[in-house]
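**Q** sequence first, predicted model second:
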Amino acid sequence: MKILLFGKGGQVGWELQRSLAPLGELVALDFDSTDFCGDFTRPEALAETVRSVRPDVIVNAAAHTAVDKAESEPELARTINAAAPGVLAREATTLGAWLVHYSTDYVFDGSGSQPWKETDTPAPLNVYGHTKLEGERLIAQHCAQHLILRTSWVYAARGGNFAKTMLRLARERDRLTVINDQFGAPTGAELLADVTAHALRHLLQRPTDAGLYHLAASGETTWHGYAQEVLAIARAAGVALKAETADAVPTSAFATPARRPHNSRLSTQKIQQTFGLKLPPWQQGVTRMLAEVI
């Protein structure tokens, strides 16, 4: 089996290189790759890449994820998050290949307090959410053999993330303020990659299970709760911190160009039942990640 991976340099793409390698021949590309085009601002060049590589599976871990910046560059965000995945979907269908794609809790408006199900109606609050939803719909329209995984609050030991930012600020400042009215589950790129590989093996045997799934670590917290967990782990590890705790503030305390959903909880019942999974609590992955970076 030949797998074509886009976005290899991102947090999820980096972990996918590890998890997908045992499944077959892996061709991994990034936006600046030279052998083949992996630049999502050039959708038609991506089509040429797919035609040249002729993969059995396409995995798209590339995206425009700068949520606030997307507000000022909506056409670029749309090209990367919607038009390019739509092209991949059409090319995958022509080849008879599978397409794996990652989406976001930001397709919802964040109302209520119940975890969002795959059957709930999307209503994005920002450009990023709108373009990711459009990408989902283009894939579903043009490629029956698809796996779309919506996730939330992604982090990894590699690259920047919220936990690393909290640690840096806690070393530099006497006081931290963190939002306490947005709810979700921090989800590790490592978990996303491992579940992707597991799901692919399953789908190759049971293609009728194709479709849209929510994937996040179990449990829930707020950004403030997440920060408190990070600081507690750091203190227990002997890290010297100027700020040993964080003050809780509402979203309104931080003005941002893009509106964020208050409720980013995702119901993962469907993916756990379909693929025979038990998703770990969010604290487990965060603890493991911090053990690598502290």
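**A** That came through fine.

**Q** who's in contact with the nearest residue to Ser152 once chain neighbours are set aside?
**A** In space, and not counting its chain neighbours, Ser152 is closest to Asp105: 4.0 Å by CB to CB, 6 or more residues apart in numbering. Every residue, glycine included, has its C-beta placed from N, CA and C. If you count contacts by CB atoms under 8 Å, 6 or more residues apart in numbering, Asp105 has them with Trp116, Arg150, Thr151, Ser152, Trp153, Gly184, Ala216, Pro261, Ser264, Arg265, Leu266.

**Q** so Ala97 sits against Gln145, correct?
**A** Yes - using CB atoms under 8 Å, Ala97 is in contact with Gln145, at 7.0 Å.

**Q** so these two - more neighbours on which side?
**A** Ala97 (21 against 18; other CB atoms under 10 Å).

**Q** and that one, how far from Arg51?
**A** 11 Å (CB to CB, to the nearest Å).

**Q** what touches both of those two?
**A** Common contact partners of Ala97 and Arg51 (CB under 8 Å, 6+ apart): Glu91.

**Q** contact partners for Glu292?
**A** Under the criterion of CB under 8 Å, 6+ apart, the neighbours of Glu292 are Ala157.

**Q** what about it, helix or strand, and which?
**A** helix 282-293 (DSSP states H and E).

**Q** pull that helix out as CSV, backbone CA atoms only.
**A** Extracted C-alpha coordinates of helix 282-293, given in CSV (Å, rounded to 0.1, in the frame of the first residue of the first chain):
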residue,chain,number,x,y,z
TRP,A,282,-6.9,14.2,28.5
GLN,A,283,-4.6,14.4,31.6
GLN,A,284,-2.7,11.3,30.5
GLY,A,285,-1.5,12.7,27.2
VAL,A,286,-0.7,16.1,28.7
THR,A,287,1.4,14.5,31.5
ARG,A,288,3.3,12.4,28.9
MET,A,289,3.9,15.4,26.7
LEU,A,290,5.2,17.5,29.6
ALA,A,291,7.6,14.7,30.6
GLU,A,292,9.3,15.3,27.3
VAL,A,293,9.5,19.1,27.4
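
**Q** report the distance from it to the chain centre.
**A** Its chain's average C-alpha position is 17 Å from that of helix 282-293, according to CA atoms, centre = their mean, to the nearest Å.

**Q** one more: stretch 18-30?
**A** The chain centroid and the centroid of stretch 18-30 are separated by 18 Å under CA atoms, centre = their mean.

**Q** show me what counts as buried in that stretch.
**A** Buried residues in stretch 18-30, counted by 16 or more other CB atoms under 10 Å: Ser19, Leu20, Leu23, Leu26, Val27, Ala28, Leu29, Asp30.

**Q** what comes up buried for stretch 274-283?
**A** Residues Phe275, Leu277, Leu279, Trp282, Gln283 are the ones in stretch 274-283 that count as buried (16+ other CB under 10 Å).

**Q** for the residue lying closest to Leu95 once chain neighbours are set aside, give me phi and psi.
**A** Excluding the flanking residues, the one nearest Leu95 by CB to CB, 6+ apart is Arg54, at 6.2 Å. When read as degrees, to the nearest 10, the backbone of Arg54 gives phi 50, psi 60.

**Q** same thing with Gly276?
**A** Main-chain torsions, Gly276, degrees, to the nearest 10: phi 60, psi 50.

**Q** from His202, how far out is it?
**A** To His202, Gly276 is 8 Å away according to CB to CB.

**Q** what do you get for Ala83?
**A** Applying CB to CB to Ala83 and His202 gives a distance of 30 Å.

**Q** more neighbours: these two, which one.
**A** A count of neighbours by other CB under 10 Å puts Ala83 above the other of Ala83 and His202, at 20 against 16.

**Q** looking at this, the more buried one is in a helix?
**A** Yes - secondary structure of Ala83 (DSSP: H, G, I helix; E, B strand; the rest coil): part of a helix.

**Q** I figured it hits Glu44, correct?
**A** No - Ala83 lies out of contact with Glu44 (CB under 8 Å); the separation is 9.7 Å.
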